[in-house]
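A.B. asks: Okay, structure incoming, though there's no sequence with it:
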């Protein structure tokens, strides 16, 4: 079976972050998390619909996520060196991770002209998000929306990688989006008790009290290694997925399930756990979830067997960008690919000291709180986790591929 490689990426994050260079500068900025907005300003959601043959009249009623997805999809294709001509009619699959779609809550149907009602219905149907991308670029591979709550984006990546690996398609666009524009959406999250009352996520520290809602769109293009053109090295990716099953509650994580999905991802990648030096963790800053995640990581990566001076390094991007829920796994993957390219791990911007409920020394795991050189830069592999509130767990391993 062919190796699955990451051929390109695209993004749209609050603060008009649209390039990998802008993303990297924020990752390593010494500023406080509050200095970077985690929600889009209204003007950042404006996209010229005519570039995708969508009339302004239609666009007025379309969920802005659908237009952002198109914009970021094109950026990812451009980054992969794929022209419109190369994509037209190709066996390219589209996999969209998306859960929230609350734009319709702000639309008063009584004020919508009858001729525009169909635009409202089509433009706010989540399943249309993937279909609109396939239509815009004339892509003939499978096209679907994936929803497993917070692991949606990484689950979409898993499904896409399997299709590429099995030869069902030549390449895949994997893109995930998260926007919460209504008060209702935020109130429902607060009711779960998972939102930090101080509006700051402090993942893995003694001040952990939940997360902050973030927004953004992230995309990747996957290709079979046999399609790779000569050029710079591209990371290869391997994934695994499972489910928590019955736990103490439908949203309560399962440590053994997390360990299992990581172990199986390592097996699919064909790697010794010792070759992974850093994991971009799920790390939502909850008192229950964070210690369970560290314990599962330690067990799966067999950190107690490592030299004490070479612990497994972990971090989380949620204190910086907020929790992008459906898009959080792809954002974590973007962090990991940036770390692999630059050789620098960004410090987790959590306040406080590493959580006392975790036996950091005994587990031989270290939380990266300041920018740190990646051990064995470009030589080792990195892990990425996304665990859904639904109980669906996904883990990805990225490893370097030699240049051609």
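C.D. replies: Structure received. Keep in mind that what you see is a predicted model, and the values were worked out from it rather than measured.
A.B. asks: State the phi and psi torsions of the closest residue to residue 157 other than its chain neighbours.
C.D. replies: Residue nearest to residue 157 in three dimensions, not counting chain neighbours: residue 174, with 4.8 Å by C-beta to C-beta, 6 or more residues apart in numbering. Every C-beta, even on glycine, is put in place using the N, C-alpha and C of the backbone. The phi and psi torsions at residue 174 (degrees, to the nearest 10) take the values phi -110, psi 120.
A.B. asks: how near is the residue nearest the centre of the chain to residue 275?
C.D. replies: For the chain, the residue sitting closest to the mean C-alpha position, by C-alpha atoms, centre = their mean, is residue 330 at 1.8 Å. Plainly put, residue 330 is 23 Å away from residue 275 if you go by C-beta to C-beta, to the nearest Å.
A.B. asks: same deal with residue 134?
C.D. replies: 37 Å.
A.B. asks: The two: which has the busier surroundings?
C.D. replies: Each of residue 134 and residue 275 has its neighbours counted (other C-beta atoms under 10 Å); residue 134 has more, 20 against 16.
A.B. asks: part of a helix, is the more buried one?
C.D. replies: Yes: secondary structure assignment places residue 134 in a helix (DSSP: H, G, I helix; E, B strand; the rest coil).
A.B. asks: Find the nearest non-adjacent residue to it, please.
C.D. replies: In space, not counting the residues next to it along the chain, residue 134 is nearest to residue 143; the distance is 4.2 Å by C-beta to C-beta, 6+ apart.
A.B. asks: quick one, what contacts the one you found?
C.D. replies: For residue 143, the contacting residues are 93-94, 130-131, 133-134, taking C-beta atoms under 8 Å, 6 or more residues apart in numbering as the criterion.
A.B. asks: any chance you could read off phi and psi for it?
C.D. replies: Dihedral pair for residue 143: phi -140, psi 120, per degrees, to the nearest 10.
A.B. asks: Need the distance between the two termini of stretch 318-331.
C.D. replies: 10 Å (C-alpha to C-alpha, to the nearest Å).
A.B. asks: swap that for stretch 369-382, sorry
C.D. replies: The separation between the terminal residues of stretch 369-382, taken as C-alpha to C-alpha, is 17 Å.
A.B. asks: Show me which positions of the lowest-mean-pLDDT helix or strand in the chain end up buried.
C.D. replies: Here the helix or strand of the chain ranked lowest by mean pLDDT, DSSP states H and E is helix 183-191, holding a mean of 85. Residues of helix 183-191 classed as buried: 185, 189 (neighbour count, 16 or more other C-beta atoms under 10 Å).
A.B. asks: how near is residue 387 to residue 92?
C.D. replies: On the measure of C-beta to C-beta, residue 387 and residue 92 end up 29 Å apart.
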